[in-house]
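In: Just the structure for this:
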Amino acid sequence: MSDFAGMEELLQDFLLEAGELLAQVDNKLVELEKRPDDINLLNDIFRGFHTIKGGAGFLNVENLVSLCHRTENLFDKLRNNELHLSPELMDVIMAATGSVREMFSELSSHVQPQAADPAIIANLEAALAGQALTPAGSHHAAAPATEPAAPAETAPQAEASAAGDDINWDALHAVLTGAPVPQQAAPATPPAPTAAPAAPVPQPAPAETISRTPMMAGGGGGAPQQSLQKETTIRVDTVRLDQVLNLSGEIGLTKNRISNLKSQILHGKTDSETLKTLDMAVNQLDLLVSDLQNAVMKTRMQPIGRLFQKYPRLARDLARQLGKDVELVLSGEETELDKTMIEDLNDPLVHLVRNAVDHGIESMEERQASGKSSKAIVSLSASQMGDHIYIEISDDGKGMRPDVIRGKAVEKGIIDADTANTLDDRQSLQLIFLPGFSTKDQISSVSGRGVGMDVVKTNITKLNGKIDVVSVPGQGTTFTISLPLTLAILPVLVVRLNEQSFAVPLSMVREIIPMKQDEIQRVSGRATMIVREEVLPVRALATLVGWEQKHAPAYGVLMQAANMTFILAVDGFVGRDDVVIKPLADIKPKGIAGATLSGDGSIVLVLDMEELLTTVPSDTPSSLFTKAN
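Out: Model prediction:
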């Protein structure tokens, strides 16, 4: 039963607004750590937390109000210069905001959230009392979970805890009674596995907090954790809605005009002036429908900055855990992308940001030894070029060596040695996207299982996108993601096989070339064709879809899918079109993504080229040009 019966709409509004406020607070906290004397920034953070507390109070969420109030007091002391912001104090604050976000997760299920972890409350109280905090974010205390090593001065306490129970009774008593928290109690192990990086506790806690925080779902080296639920609402600028309304009105007027002309023609008025007027009305309707389609699509477009704002804290927390100094620089946040695509991009970008911090960036000692600044820079940017969005994640770390990647792939049995010897540097870098590939010898809470980059490529491919990687050893690595602006409308090239029309994604098409039988050559038993001195495989559409080849294909469509360039042999082509794909409700043939209707009302099947190419064997020259008897 819901704890918020009759208040469901208010709760949803609160979660939407408070979630955005908390994301902004997290970003500003990362900025505050760089500029601790910026009083305006601190005031913005205070106001954001105060607004969250006010909304929680209206809904009677006492545990959330209590946590926000303690954190507010901490901000107030910082504003009044009663406390100085240190990395350890920032860890305490970040732990509190992480706990607030976990409470949001519980609220989304319409239940009252549990109280915050006693260790987090204890740390807040200790900070408010001005007591010293153990630097949990230091290199030794924040080592990865696979390398636990407690500081020497806390070893006796750790042994004592192991000998008895895991509860810090002194800290818990202090929290319950309001008494000052004993300073020596801080390093004890917290009872719950949700301790944040802020807590001065043994090493596994920071990694667990990062993996449990909803905004950071999905580890760098494992399968992504699914978000609690996808948002079903969208914020739209009223100017865009007014444009849709105006266009709808114009279309209505034009429709009435066409209906009147239709009536006149049916009554025998077919003079040239009437037909000319009808032609003009139809053209106007065509323009208005196109404008309306674009206007409606714009209502789905959202700035990608709403997604990017989640990652500065992710990079900061992970860097603290790994003992690195990393700054995430964002640019192009105003770039707009289809809302559904923004949601589906979260997990891939989480993987890439975490991999950049974990794999790409060296330790501070290694950077200084190589003449680099101890502070590493990871950049996340977005830009629009034509009808595509490009997202880049780059770092100034150690880069990747193609020969090492080839060696690891052979060592793990992903490819054989003969195949590895045929790969150039660019192809070698693409090996990191294969299932099971990892350069880590040890599995940690962050990486090493060899599924992270495989998940990234799979998710990007589902969005009809591409991902490429460029790396310079010693200088860094850049991942570039290319995505269509929207998935609602797909630009396609319509081709023909016999009398049936098929559509292939236009993003894969490079050019259309005529095909002649004497130009097809056999290489290792497979059909190939030379185009500008490059030998390319030829795949017959008839073979791919399992149809009989009735006559020799007349045209070839030069296509590029993932890392494979090939020629698709077809009977003819209709032209370019923008289609709305309709899924096939009761059947899903292999290699068919869906169907759409052409202008003449006939059905056009939309091909899933990636699936076709991986499930159908290659053609032979004879199968391409065998005519039916």
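
In: Mind checking what helix or strand follows the helix or strand that contains Thr461 in sequence?
Out: Using DSSP states H and E, the element containing Thr461 is helix 452-462. Using DSSP H and E, the helix or strand that follows helix 452-462 in sequence is strand 466-472.

In: Sheet partners, orientation included, of that next one?
Out: Take DSSP bridges as the rule and strand 466-472 pairs in its sheet with strand 476-484 (antiparallel).

In: What are the contacting residues of the partner strand?
Out: 337, 341, 345, 348, 352, 356, 360, 387-400, 460, 463-471, 490-491, 507 (CB atoms under 8 Å, 6 or more residues apart in numbering). Using the backbone N, CA and C atoms, a C-beta is placed for each residue, glycine as well.

In: Which of those residues fall in helices?
Out: Using DSSP state H, the members of the contacts of strand 476-484 that fall in helices are Met341, Leu345, Pro348, Leu352, Ile460.

In: Which members of these are the farthest-apart pair?
Out: Met341 and Leu352 (15.7 Å; CB to CB).

In: Who has more neighbours out of those two?
Out: It is Leu352, of Met341 and Leu352, that has more neighbours when counted by other CB atoms under 10 Å, with 28 against 23.

In: which residues does that one contact?
Out: Ile393, Val456, Phe479.

In: now Gly572
Out: Val495, Arg496, Ala554, Tyr555.

In: 6 Å instead, please
Out: Arg496 (CB atoms under 6 Å, 6 or more residues apart in numbering).

In: ok, now His388?
Out: Applying CB under 6 Å, 6+ apart, the residues contacting His388 are Ser482.

In: From Lys466, how far off is it?
Out: Noted for His388: a distance of 9 Å to Lys466, by CB to CB, to the nearest Å.

In: for Ala420, same thing?
Out: Ala420 is 23 Å from Lys466, by CB to CB.

In: for Lys375, same thing?
Out: 32 Å.

In: Compare neighbour counts for the two and give me the winner.
Out: Between Lys375 and Lys466, Lys466 has the larger neighbour count (other CB under 10 Å), namely 19 against 13.

In: Which pLDDT value belongs to the nearest residue in space to the more buried one that is not next to it in sequence?
Out: Using CB to CB, 6 or more residues apart in numbering and skipping the chain neighbours, the partner closest in space to Lys466 is Ser482 (4.7 Å). Listed pLDDT for Ser482 reads 89.

In: since we're on Ser482, how many residues are nearby?
Out: Neighbour tally, Ser482, other CB under 10 Å: 16.

In: change the start of the numbering to 7 and stick with it
Out: Noted, 7 is the first residue going forward, which turns the last one into Ser488.

In: Just the mean pLDDT for the helix holding Thr467, thanks.
Out: 83.

In: what's the domain layout of the chain?
Out: As given by automatic domain parsing, the domain ranges for the chain are 14-222, 244-305, 329-489, 496-630.

In: Out of those domains, the one nearest Phe314 is which?
Out: domain 329-489 (5.1 Å).

In: Tell me how far the closest one lies from the chain's centre.
Out: Offset of domain 329-489 from its chain centre (CA atoms, centre = their mean, to the nearest Å): 13 Å.

In: Where does pLDDT dip in the stretch 157-306 of the chain?
Out: 157-238 (pLDDT under 70).

In: returning to that earlier point: wait, which of the contacts of Leu358 is closest to Lys59?
Out: Out of the contacts of Leu358, the member with the shortest distance to Lys59 (by CB to CB) is Ile399, at 34.9 Å.

In: May I have stretch 280-299 exported as PDB, CA atoms only?
Out: These are the backbone C-alpha positions of stretch 280-299, laid out as PDB (Å, rounded to 0.1, in the frame of the first residue of the first chain):
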ATOM      1  CA  THR A 280      -9.600  25.100 -60.600                       C
ATOM      2  CA  LEU A 281      -7.000  22.400 -61.200                       C
ATOM      3  CA  LYS A 282      -4.200  24.900 -60.700                       C
ATOM      4  CA  THR A 283      -5.700  26.000 -57.500                       C
ATOM      5  CA  LEU A 284      -6.000  22.400 -56.300                       C
ATOM      6  CA  ASP A 285      -2.300  21.800 -57.200                       C
ATOM      7  CA  MET A 286      -1.300  24.900 -55.200                       C
ATOM      8  CA  ALA A 287      -3.400  23.700 -52.200                       C
ATOM      9  CA  VAL A 288      -1.900  20.300 -52.200                       C
ATOM     10  CA  ASN A 289       1.700  21.700 -52.400                       C
ATOM     11  CA  GLN A 290       0.900  24.000 -49.500                       C
ATOM     12  CA  LEU A 291      -0.500  21.100 -47.500                       C
ATOM     13  CA  ASP A 292       2.700  19.200 -48.200                       C
ATOM     14  CA  LEU A 293       4.800  22.000 -46.900                       C
ATOM     15  CA  LEU A 294       2.600  22.400 -43.800                       C
ATOM     16  CA  VAL A 295       2.700  18.700 -43.000                       C
ATOM     17  CA  SER A 296       6.500  18.700 -43.300                       C
ATOM     18  CA  ASP A 297       6.800  21.800 -41.000                       C
ATOM     19  CA  LEU A 298       4.400  20.100 -38.500                       C
ATOM     20  CA  GLN A 299       6.500  17.000 -38.600                       C
END
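
In: Which residues does it contact?
Out: Leu253, Glu256, Ile257, Thr260, Arg263, Ile264, Leu267, Gln270.

In: Can you give me the separation between the residue of the chain most remote from its centre and Arg263?
Out: Relative to the centre of the chain, the most outlying C-alpha is that of Gly274, 60.3 Å out, by CA atoms, centre = their mean. From Gly274 over to Arg263 the distance is 19 Å, taken as CB to CB.

In: do the same with Val515
Out: 39 Å.

In: Also Asp277?
Out: For Asp277, the distance to Arg263 - CB to CB - is 17 Å.

In: With Ile609 instead?
Out: Taking CB to CB as the measure, Ile609 falls 32 Å from Arg263.

In: what about these two, which has more around it?
Out: Counted by other CB under 10 Å, Ile609 and Arg263 do not tie: Arg263 has more neighbours, with 17 against 11.

In: Doesn't the more buried one belong to a helix?
Out: Yes - checked against DSSP: H, G, I helix; E, B strand; the rest coil, Arg263 lies within a helix.

In: Tell me where the model's unsure across the stretch 407-556 of the chain.
Out: 444-457, 494.

In: What segments of it are strands?
Out: 472-478, 482-490, 496-503, 506-511, 515-520, 527-529, 532-537, 540-546 (DSSP state E, counting those that start in this stretch).

In: how about those strands in JSON lines, adding distance to Leu320?
Out: Compiled in JSON lines, the strands of the stretch 407-556 of the chain are given as follows (distance: least, CB to CB, whole Å):
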{"stretch": "strand 472-478", "distance to Leu320": "19"}
{"stretch": "strand 482-490", "distance to Leu320": "16"}
{"stretch": "strand 496-503", "distance to Leu320": "32"}
{"stretch": "strand 506-511", "distance to Leu320": "32"}
{"stretch": "strand 515-520", "distance to Leu320": "37"}
{"stretch": "strand 527-529", "distance to Leu320": "48"}
{"stretch": "strand 532-537", "distance to Leu320": "45"}
{"stretch": "strand 540-546", "distance to Leu320": "42"}
